[in-house]
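**Student:** structure of the sequence below:
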Amino acid sequence: MAMYDRKQPYVIQEKPGKKAYCACGLTGNPPYCDGSHKGTGKQPFIVNIEEPKTVAICGCGKSGNLP
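**Tutor:** Prediction:
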């Protein structure tokens, strides 16, 4: 299943640090970027998490506030 075939978000407990979330929908490790975007012209969403928190990453690719 491709990342953006999902009908609900990926809800994750994230630790502080830089995260790369998939922007192309081709990753084999959703919602994280695994480099599958090479050649698509897309780049991952880079997010710096300041403190431990729960995040919701879009699973359908249609959010107006990606990732």
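**Student:** which stretches of the chain aren't confidently modelled?
**Tutor:** Counting by pLDDT under 70, the chain has low-confidence residues at 1.
**Student:** repeat the analysis, applying 80 as the threshold.
**Tutor:** Segments of the chain classed as low confidence (criterion: pLDDT under 80) are 1-2.
**Student:** in three-state terms, label residue 29 for me.
**Tutor:** coil (DSSP: H, G, I helix; E, B strand; the rest coil).
**Student:** what bridges to the most centrally placed residue in the chain?
**Tutor:** Geometric centre of the chain, nearest residue: residue 21, 3.0 Å, by Cα atoms, centre = their mean. Taking DSSP bridges as the rule, residue 21 bridges to residue 32, residue 45.
**Student:** could you do residue 55 as well?
**Tutor:** Assigned bridge partners for residue 55, using DSSP bridges, are residue 12.
**Student:** list the residues that contact it.
**Tutor:** Contact partners of residue 55, counting by Cβ atoms under 8 Å, 6 or more residues apart in numbering, are 11, 12, 14, 47, 49. Yep, even glycine has a C-beta here, placed from its N, CA and C like the rest.
**Student:** the fourth one in helix, strand or coil?
**Tutor:** In other words, residue 47. strand.
**Student:** so what's it closest to, chain neighbours aside?
**Tutor:** Counting by Cβ to Cβ, 6 or more residues apart in numbering, residue 47 lies nearest to residue 19, which is 4.9 Å off, once chain neighbours are set aside.
**Student:** show me the contacts for the one you found.
**Tutor:** The contact partners of residue 19, by Cβ under 8 Å, 6+ apart, come to 32, 46, 47, 48, 49.
**Student:** perfect, that will be all.
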